[in-house]
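Undergrad: fold the following and give me the result.
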Amino acid sequence: MQMQEFITLIVLVAIFYFMYAYNKSQKAKRAEAERIRKTIICPNVNCGYTGAAKKTARGSTAVGLILCLFFLLPGIIYFVMRGGYRYSCPRCGYQIRADN
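TA: Down below sits the predicted model:
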């Protein structure tokens, strides 16, 4: 009986190890894909920058807070509508894309 439990334990440890190794390799692949996705080539002919884009939030937090302070519903609508980021070239400021 003890031998069967030992073999079962070894099989379970092996399964968990292979699941861990597979998950680790997938995380590395996702991280590399994310790094590539964040790398830009500036379409501005005079710039030609290659590297990470500058990420800035859309809208103004101060305007949203003022709207929430005086008029709750327009403030909430403003925060929902302004959500997302703009990605631009850090060298020339050319806007590459905007996430909504």
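
Undergrad: what's the burial count for residue 53?
TA: Using other Cβ atoms under 10 Å, residue 53 has 20 neighbouring residues. Every residue, glycine included, has its C-beta placed from N, CA and C.

Undergrad: I'd assumed residue 38 was in contact with it.
TA: Yes: using Cβ atoms under 8 Å, residue 53 is in contact with residue 38, at 6.4 Å.

Undergrad: tell me which residues of stretch 45-57 are tucked away?
TA: 49, 53, 54 (16 or more other Cβ atoms under 10 Å).

Undergrad: once you drop chain neighbours, what's closest to the last one?
TA: Yep, that's residue 54 we're talking about. residue 90 (4.3 Å; Cβ to Cβ, 6 or more residues apart in numbering).

Undergrad: got it, and the second one?
TA: In space, and not counting its chain neighbours, residue 53 is closest to residue 87: 4.1 Å by Cβ to Cβ, 6+ apart.
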